[in-house]
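Novice: would you be able to build a 3D model of this:
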Amino acid sequence: MRESPIAELVAVAWHNKAQLDAFTGDFRISGYSDYGELLKREEVDLVHIATPVSEMADCAIMAARRSRLTR
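Specialist: Numbering: from 1, shown residues only. You can find the predicted model right below:
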């Protein structure tokens, strides 16, 4: 994302607090322990889902529902 002149990483969600704190500290962005909370609070134009496969479907469905609500 850093290489893109038009994209800005604004937030990340992850359930491991230590990893979340390290990532958000490095990138100076907001962090959430709950993916749904991120989608409720942040203004998001693009979602990049990089979860374990077991969590991917739920995250994709949440993002799609959120997108439908904000149109």
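
Novice: only C-alpha atoms from now on, for both contacts and neighbour counts.
Specialist: Noted.

Novice: can you give me the strands in this protein?
Specialist: 11-13, 30-32 (DSSP state E).

Novice: show me the shaky parts of this structure.
Specialist: Along the chain, the parts satisfying pLDDT under 70 run over 1-2, 68-71.

Novice: what about 80?
Specialist: Where the chain drops to pLDDT under 80, the residues are 1-3, 67-71.

Novice: residue contacts, the residue most central in space within it?
Specialist: In the chain, the centroid-proximal residue (Cα atoms, centre = their mean) is Val12; its distance is 3.9 Å. Val12 makes contact with 20, 24, 29-32, 38 under the criterion Cα atoms under 8 Å, 6 or more residues apart in numbering.

Novice: that one pairs with what?
Specialist: When bridges are called by DSSP bridges, Val12 pairs up with Gly31.

Novice: any idea how far it is from Glu43?
Specialist: Val12 sits at a distance of 12 Å from Glu43 (criterion: Cα to Cα, to the nearest Å).
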